[in-house]
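Q: Provided below for reference: sequence and predicted model.
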Amino acid sequence: MGLLCAACASLLAWIWLTFAQGMFWRTDVRLPPRSAPQRWPSVAIVVPARDEAGVLPRSLPSLIAQDYPGEAEVILVDDGSTDGTGELALRLARENPGLPLTLTSPGEPGPGWTGKLWALRHGIALARTAHATEPEYLLLTDADIAHEPDSLRELVAAATGSGLDLVSQMARLRAVSIWERLVVPAFVYFFAQLYPFRRVNRPTGRTAAAAGGCVLLRTEVAVRAGIPDSIRQAVIDDVSLARAVRRSGGRIWLGLAERVDSVRPYPALGDLWRMVSRSAYAQLRHQPLLLAGTVAGLVLVYLVPPAALLAGLATGHAATAWAGGLAWLLMAGTYLPMLRYYRQPAVLAPLLPLTALLYLLMTVDSAVQHYRGRGAAWKGRTYARPSDA
C-alpha cells in the first residue's frame, strides 16, 4: 500500500511537471526575433580565465573572429593561472587577426569575492575606463565557450530588437563520452525544470536565471544593478546576476543556444561529479532541511516510478505497476526533446532515473564536502558560505 501511494504521488507530480511547470521540457526557446539596429552599439567581451590553456585554442579565436559591424574588443582576465593561459592568449591573438585583445590580471580575489566575479569586476572596470566612452553592452562569456562568427551580432540584434537588458544563451555542452551522454543532457533538463525558460522570459515574471557561459548585458543596467559587486559572494553567479538585473527593473531573456558551444571535456564520471558537486549544496543555500527535501523529492519523482513498476509486476499488483509505469513514461517522454537537442539516442530516455540517482549522490557529496571544509572548491580555491565569508 505504501509503494502504491508513493507511485500515485509520483504520477501526480509528473502530470503537474509536464503541464504546469512552464513547459520546461520543450527545447524551442531560442533567440527572439532579431533585426539589425540602425546603429550597432559598442561591446566589450569580458572573459575570465583561470588555468584554461587546454581549451583556449578552441574558444578564444572564435571571439577574436566575431563578424560584428560595430565597435568591439575582447578583454581576457587572467585569474592567477599557472599554466600559461595569459601567454597563450597573446599568442592566439597574434595568430588570429580580428577584434583587439587586452590581457589583464587582477591578482588574488579580495575578501568575500569568488574568483570569477573578482575577475569580471576587474574586466568590466577596465572596459568602462579604457576608452573615452564606455561600451554600451558587455558580453560576459567563459573561457571554454566557442562562438560562431555571427554570435555577437545575433545577441545584440536580439537585445536591441526586443528591448532586452540581458540576453543569455545556455551553451550546448559537450556530450561525446559515455558519461557525458548520460549526465550532460540531464544537467540542462534539470536546470530548465528549476528555472523554466518561458517563466524567466516573462516581462513581469518572478523567476530569474541566466547561463553564465554566455550573457550579453547592457552596461547601464549592470551599473544600476551593481554588477558584480552586489553578487560578489555568489558561487552560482549566473542565477544571482539575473536576479540582480530583474530587481533593478531590467528585462531578461534565457534560452538554448544554437551556435554557442562549450568545448570543455568531461570524459570521466569524476570530472562531471566535481562539476556538479562543487555548487550543488550552494544551490540549496547550505540548508540541511532543503537538502533533505531535495533528496526526498528526487526519490519520489525519479526513483519511485521504476521501483513501483518493477515491484508491481513482480507481485502482481497492477495498480502499483500502472502508476509507476505511467509516471516513468511521462518522465522519459519529457526528456526526449532534450536528448534530440543534444543529438543523443532516444534509448537514453528511460535511463533518466539512473542519472537522477547520480545527481542525488552528487548533491549529498556536495553537502559532505561543505561540512568537511572543502565545499564549493574549484581550481584550487574553496569558498565559504556567504554568511561566513
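A: Sure, I can see it.
Q: quick one: secondary structure of the nearest residue to residue 56 once chain neighbours are set aside?
A: Among residues not flanking residue 56 along the chain, residue 88 sits closest, at 5.6 Å (C-beta to C-beta, 6 or more residues apart in numbering). Heads up, the C-betas are built off the backbone N, CA and C, glycines and all. Assigned with DSSP: H, G, I helix; E, B strand; the rest coil, residue 88 falls in the helix class.
Q: which helices and strands does the longest helix along the chain pack with?
A: If you go by DSSP state H, the chain has its longest helix at helix 318-341. Applying 3 or more C-beta pairs under 8 Å, 6 or more residues apart in numbering; DSSP states H and E, we find helix 318-341 packed against helix 2-20, helix 178-194, helix 304-315, helix 352-371.
Q: Of the ones you listed, give the one that comes closest to residue 222.
A: Closest to residue 222 of the helices and strands packed on helix 318-341, according to C-beta to C-beta: helix 178-194, at 23.1 Å.
Q: following the closest one, which helix or strand comes up?
A: For helix 178-194, the following helix or strand on the C-terminal side (DSSP states H and E) is helix 197-200.
Q: packing partners for that following helix?
A: Helices and strands touching helix 197-200, by 3+ C-beta pairs under 8 Å, 6+ apart, are strand 252-262.
Q: right, and the residue nearest to residue 56 touches residue 57 too?
A: Yes - here residue 88 reaches residue 57: they are 7.4 Å apart, a contact under C-beta atoms under 8 Å.
Q: Name the residue in the two with the higher neighbour count.
A: Between residue 88 and residue 57, counted using other C-beta atoms under 10 Å, the more crowded position is residue 88 (20 against 16).
Q: for that one, what are its contacts?
A: The neighbours of residue 88, taking C-beta atoms under 8 Å, 6 or more residues apart in numbering as the test, are 53, 56, 57.
Q: now these in JSON lines, with secondary structure and pLDDT?
A: Formatted as JSON lines, these follow (DSSP: H, G, I helix; E, B strand; the rest coil; pLDDT from 0 to 100):
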{"residue": "53", "secondary structure": "coil", "pLDDT": "96"}
{"residue": "56", "secondary structure": "helix", "pLDDT": "98"}
{"residue": "57", "secondary structure": "helix", "pLDDT": "97"}
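Q: any idea of the pLDDT on residue 206?
A: As predicted, residue 206 sits at a pLDDT of 90.
Q: Secondary structure element for it, which one?
A: Residue 206 is part of no helix or strand, with elements assigned from DSSP H and E.
Q: what about it, distance to residue 22?
A: Distance of residue 206 to residue 22, computed by C-beta to C-beta, to the nearest Å: 12 Å.
Q: next one: residue 38
A: In this view, residue 38 and residue 22 are 35 Å apart by C-beta to C-beta.
Q: okay, these two: which has more neighbours?
A: Shown here are residue 38 and residue 22; by other C-beta under 10 Å, residue 22 has more neighbours (20 against 6).
Q: Quick check: chain neighbours aside, which residue is closest to that one?
A: Spatially, and ignoring its direct neighbours in sequence, residue 22 is nearest to residue 196 (2.8 Å; C-beta to C-beta, 6+ apart).
Q: still on that earlier bit, and of the contacts of residue 88, the nearest to residue 189?
A: Relative to residue 189, the closest of those is residue 56; by C-beta to C-beta it sits at 29.0 Å.
Q: wait, isn't that closest one in contact with residue 84?
A: No - the criterion here is C-beta under 8 Å, and residue 56 misses it with residue 84 at 9.6 Å.
Q: Sketch out the low-pLDDT regions of this structure for me.
A: Applying pLDDT under 70 to the chain picks out residues 375-389.
Q: Residue most distant from the centroid, it?
A: Ranked by distance from the centre of the chain (C-alpha atoms, centre = their mean), the top residue is residue 316, with 43.6 Å.
Q: for that residue, phi and psi?
A: phi 80, psi 20 (degrees, to the nearest 10).
Q: Relative to residue 97, how far out is it?
A: Distance from residue 316 to residue 97, by C-beta to C-beta: 72 Å.
Q: what do you get for residue 350?
A: 50 Å.
Q: And these two? Which one has more around it.
A: Shown here are residue 350 and residue 97; by other C-beta under 10 Å, residue 350 has more neighbours (14 against 9).
Q: dump the residue contacts of the more buried one.
A: Applying C-beta under 8 Å, 6+ apart to residue 350 gives the contacts 328, 332.
Q: Over to residue 160?
A: If you count contacts by C-beta under 8 Å, 6+ apart, residue 160 has them with 37, 41.
Q: Helix, strand, or coil at residue 292?
A: Following three-state DSSP, residue 292 is assigned to helix.
Q: And the spatially most central residue of the chain, which helix or strand is it part of?
A: For the chain, residue 211 is the residue whose C-alpha lies nearest the centre (C-alpha atoms, centre = their mean; 3.8 Å). Under the criterion DSSP H and E, no helix or strand holds residue 211.
Q: Pull up the gap between it and residue 253, please.
A: Using C-beta to C-beta, residue 211 is found at 11 Å from residue 253.
Q: Can you work out which residues contact both of the two?
A: In contact with both residue 211 and residue 253: residue 168, using C-beta under 8 Å, 6+ apart.
Q: one step back: give me phi/psi at the residue nearest to residue 22?
A: Residue 196 has phi and psi values of phi -60, psi 130 when expressed as degrees, to the nearest 10.
Q: now residue 32
A: The phi/psi pair for residue 32 (degrees, to the nearest 10) reads phi -70, psi 170.
Q: Pull the number of nearby residues for it.
A: Counted by other C-beta under 10 Å, the residues lying close to residue 32 total 16.
Q: now it, nearest residue through space, not along the chain?
A: Distance criterion C-beta to C-beta, 6+ apart; nearest residue to residue 32, sequence neighbours excluded, is residue 162 at 4.7 Å.
Q: show me what contacts that neighbour?
A: Residue 162 touches 32, 33, 34, 253, counting by C-beta under 8 Å, 6+ apart.
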